[in-house]
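[1] need a 3D model of the following:
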Amino acid sequence: MSPHHIPNNSENDDLLAAADHVPEPIIVHSPGPEGRLPFDDAMLRYDPSGHLFGMSQDAGMGWTPEETRRPQFVILSTMGGLRDPDGKPIALGYHTGHFELNEAVAEAAWEIRNLGGIPYAGYCSDPCDGRTQGTVGMFDSLPYRNDAAIVFRRLARSIPNAVGVLGIATCDKGLPAMMMALAGLKDLPVVIVPGGVMLPTTRGEDTAKVQSIGARYAQGDITLETAQEVACHTCASPGGGCQFLGTAATSQVISEALGLALPHSALAPSGQPIWRDIARRSAQTLVHLAKKGLTGRHILTEAAAHNAMVLHAAFGGSTNLILHLPAVLYEAGLPRPSLEDWEQVNRQVPRLVDVLPNGPKNYPTLYVYLAGGVPEVMLHLRNLGLLRLDAITVTGQSLEKVLRWWENSPRRQRLRELLHKETGVDPDQVILSPGRTRELGITATSCFPRGNLAPGGSVVKSTAIDPQVLDKNGVFDRTLQARVFVRERDAVAAIKGQTANPVRPGDVVVLIGRGPMGSGMEETYQVTSALRYLPWGREVAVVTDARFSGVSTGACIGWVTPEALADGPIARVRDGDRIRIVIDTRNLQGSLNLVGDPQHDFTPEQAEAVLKTRPPHPQLRPDEDLPEDTRLWAILQHISGGPWGGCVFDREAIFRRLQQSREETRSPW
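    Model (predicted):
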């Protein structure tokens, strides 16, 4: 049955006739709540009417009238879906990541109430990048983040007497939006509760591999029956972010690394007692911060920003956080890291975590949590002298004190023992020492190739390139034949072998016009996941002005700038062109250059001339389904610094551009 087909089971299609019945009784009056509101003379004379009427509404919603002058706290979340008391779905969420968050909200709210505060809960649910892969829904994914951050801040400010804000979120865009929102509330105490992770399945495929199921079936690698069964078993628990270190899990790591979340709170198993305890203790922390007068301004500092970049590299995090972290720092009023800053950090910091999809063993994110999570990785980084230990966390303590606590914590010992007992996995094989990393040949996380096709830079998760395509020095050096596509669906069809000219080993898929101006900078995981899990996929590279999912692997170069629709050189690549890609995974140096066409080798000067004189690809244009809302977002983020600036709305830059346009229109010329 088509997903759009709605069966007609009604015996009476007359919807108006159904309204003839009036359910009764209908109550027309009520005496209102019992008791008295605790107004005093000064309040009635000088407080805004909104404060007074707010207390009336609180009593009307059932709060004890005499307690309506308690301190007010806002709990914001991305919760979605609706469940009955037994946990069965009444209405599904958009994804598992927000489906259990109501439980975390409730735990936090009860704790605030028990501590003498009034909790107010507000919501702005979030989409799922996995659900929208390869669809027009992806065109709203990244723009949603900016919109949601604004909505969250507006909701926080709409409780004008709030003395603290708790943010609960899990996934790819919801948690970055929440961090951006709380970063912008500089003068309020703020705490993040990471939404946790899904359990790994014991009989299906993980949430990374299963997203390549269509490509593997089309190529004959799996049967229909296998696809039906393993995909059903993939999501092994109803809540939590995906089982791999993609954007959701990396965002949780970054929230803790910034000091916004409690120590050892990122990547906890959703819905379980240890996860609910984090929500409860986070509420306690928020109340404590309010009493001490510690605000977001004290937590989000340049030291915190440094630590977040270091943890991103040490975990091997999603390249999407190279976009999201600058946005969080911008909202906090801090400098946004440059491409050069990211290069420097990645050259200094070893990758220390063995987790999906980076390998080598590919443990699920829950194992990382049980092995010690963020503070365990930080112990190694502290010993290497790579952290700013003076950074203050939401505990009110410096990072140095937090790590001294963690080193001797019974929690650390118990969870590491539990991981080994339940799985047989040694925690030190999940979170590795620097020495063990060197022994295994694990390389640092990201490389930023430049060249005549990417004069403004690009990014590749170099640590995830298949070792089989690297030379003995850890260098990927291939000259490949370009296969140019302007629509992701066409590239996917060619990879699946469904076109007259399918993608073959030795090709480089060049996907253009998919940056912010063309598609809202869509995620192209359909392309990269198919290549990762096809037997010959390692022999194909990808170059695009779009971005990648955090689970993407291989020689996949994204964020090529300038983007094609901003007259970037990538717009002038044609089928059959020869492109040389060099990625040194050890020294983190890379290049991306046009070096020839089907008939000729180019000198650097000839290549530059070709890229200047060729017209853009004849089919290059914004996607015909691009929403007008996303077009507006693309314009504003372009003015504000584009992807390397975090795709933010830089208010001052936008204002200056408007002023400039206004002055130009006044010119007599």
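[2] average pLDDT for the longest strand seen in the chain?
    Taking DSSP state E as the criterion, the chain has its longest strand at strand 475-485. Across strand 475-485, the average pLDDT comes to 98.
[3] next: stretch 555-574.
    Averaging pLDDT along stretch 555-574 gives 97.
[4] can you show me the CA trace of that stretch as PDB?
    Presented in PDB, the C-alpha positions along stretch 555-574 are these (Å, rounded to 0.1, in the frame of the first residue of the first chain):
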ATOM      1  CA  ALA A 555      37.200  10.100   0.800                       C
ATOM      2  CA  CYS A 556      34.200  12.300   1.000                       C
ATOM      3  CA  ILE A 557      35.000  16.000   0.700                       C
ATOM      4  CA  GLY A 558      32.200  18.400   1.600                       C
ATOM      5  CA  TRP A 559      31.600  22.100   2.200                       C
ATOM      6  CA  VAL A 560      33.500  23.000  -0.900                       C
ATOM      7  CA  THR A 561      33.700  26.800  -1.000                       C
ATOM      8  CA  PRO A 562      32.700  28.900  -2.600                       C
ATOM      9  CA  GLU A 563      29.600  26.800  -3.400                       C
ATOM     10  CA  ALA A 564      28.700  26.300  -7.000                       C
ATOM     11  CA  LEU A 565      25.800  28.800  -7.000                       C
ATOM     12  CA  ALA A 566      28.100  31.400  -5.500                       C
ATOM     13  CA  ASP A 567      30.300  31.100  -8.700                       C
ATOM     14  CA  GLY A 568      32.600  28.600  -7.100                       C
ATOM     15  CA  PRO A 569      35.000  26.800  -9.400                       C
ATOM     16  CA  ILE A 570      33.300  23.500  -8.600                       C
ATOM     17  CA  ALA A 571      30.400  24.800 -10.800                       C
ATOM     18  CA  ARG A 572      32.600  24.400 -13.900                       C
ATOM     19  CA  VAL A 573      33.500  20.700 -13.500                       C
ATOM     20  CA  ARG A 574      32.200  18.400 -16.300                       C
END
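[5] enumerate the positions of that stretch that are buried.
    For stretch 555-574, burial by neighbour count (16 or more other CB atoms under 10 Å) applies to 555-566, 568-573. Glycine gets a C-beta too; all of them are placed from N, C-alpha and C.
[6] ok, now which ones touch Gly117?
    Gly117 sits next to 70-73, 287 when contact means CB atoms under 8 Å, 6 or more residues apart in numbering.
[7] circling back to that earlier point, contacting residues around the longest strand of the chain?
    So strand 475-485 is contacted by 462, 465, 469-471, 491, 494, 501, 503, 506-512, 540-541, 555, 573-586, 595-596, 617 (CB under 8 Å, 6+ apart).
[8] partner strands of the strand or helix carrying Ile168, with direction?
    Using DSSP states H and E, Ile168 sits within strand 162-169. Counting by DSSP bridges, the strands paired with strand 162-169 are strand 72-77 (parallel), strand 190-194 (parallel).
[9] tabulate those in a markdown table, adding columns for mean neighbour count.
    As requested, those are arranged in a markdown table below (neighbours: other CB atoms under 10 Å):
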| stretch | mean neighbour count |
| --- | --- |
| strand 72-77 | 26 |
| strand 190-194 | 31 |
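[10] distance to Glu205 and mean pLDDT added to the ones you listed, as a markdown table?
    Converted to a markdown table, the strands paired with strand 162-169 look like this (distance: least, CB to CB, whole Å; pLDDT from 0 to 100):
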| stretch | distance to Glu205 | mean pLDDT |
| --- | --- | --- |
| strand 72-77 | 29 | 98 |
| strand 190-194 | 25 | 98 |
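[11] okay, these in a markdown table with distance to Arg351 next?
    Shown next, in a markdown table, are the strands paired with strand 162-169 (distance: least, CB to CB, whole Å):
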| stretch | distance to Arg351 |
| --- | --- |
| strand 72-77 | 32 |
| strand 190-194 | 21 |
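[12] nearest to Arg45, out of those strands?
    In terms of CB to CB, the element of the strands paired with strand 162-169 nearest to Arg45 is strand 72-77, at 21.3 Å.
[13] which strands and helices sit next to the next helix or strand after that closest one?
    Downstream of strand 72-77, the first helix or strand assigned by DSSP H and E is strand 82-83. Judged by 3 or more CB pairs under 8 Å, 6 or more residues apart in numbering; DSSP states H and E, strand 82-83 is in contact with strand 89-91.
[14] returning to that earlier point: list only buried entries from the contacts of strand 475-485.
    The neighbour-count test (16+ other CB under 10 Å) applied to the contacts of strand 475-485 identifies 462, 465, 469-470, 491, 494, 503, 507-512, 540-541, 555, 573, 577-585, 595-596, 617 as buried.
[15] before we move on, back to that, tell me which residues of the longest strand of the chain come out buried.
    Across strand 475-485, burial judged by 16+ other CB under 10 Å covers 475-476, 478, 480, 482-485.
[16] hang on, the earlier thing: and of the contacts of Gly117, the nearest to His21?
    Gln72 (42.8 Å).
[17] ok, so what distance separates the closest one from Leu286?
    12 Å (CB to CB, to the nearest Å).
[18] can you check Glu225 too?
    As judged by CB to CB, Glu225 and Leu286 stand 50 Å apart.
[19] so these two - more neighbours on which side?
    Just comparing Glu225 and Leu286: by other CB atoms under 10 Å the higher neighbour count belongs to Leu286, 30 against 8.
[20] could the buried residues of strand 475-485 go into a markdown table alongside distance to Ala279?
    Converted to a markdown table, the buried residues of strand 475-485 look like this (distance: CB to CB, whole Å):
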| residue | distance to Ala279 |
| --- | --- |
| Val475 | 46 |
| Phe476 | 44 |
| Arg478 | 48 |
| Leu480 | 49 |
| Ala482 | 50 |
| Arg483 | 48 |
| Val484 | 49 |
| Phe485 | 45 |
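[21] tell me the two of these that are most distant?
    Among the buried residues of strand 475-485, Val475 and Phe485 lie farthest apart (CB to CB), at 27.2 Å.
[22] so where's this protein shaky on pLDDT?
    1-13, 550-553, 667-669 (pLDDT under 70).
[23] leaving out chain neighbours, which residue sits closest to Asp650?
    Nearest residue to Asp650, sequence neighbours excluded (CB to CB, 6 or more residues apart in numbering): Ser640, at 3.5 Å.
[24] hmm, that neighbour is touching Phe649, no?
    Yes. Between Ser640 and Phe649 there is a contact at 5.8 Å, judged by CB atoms under 8 Å.
[25] partner strands of the longest strand of the chain and their direction?
    Strand 475-485 has these strand partners (DSSP bridges): strand 507-511 (parallel), strand 578-584 (antiparallel).
[26] name the residues that touch the longest one?
    Right, the one you point to is strand 578-584. 447, 449, 453, 460, 462, 465, 473-482, 508, 510, 541, 543, 555, 557, 573, 589-598, 601.
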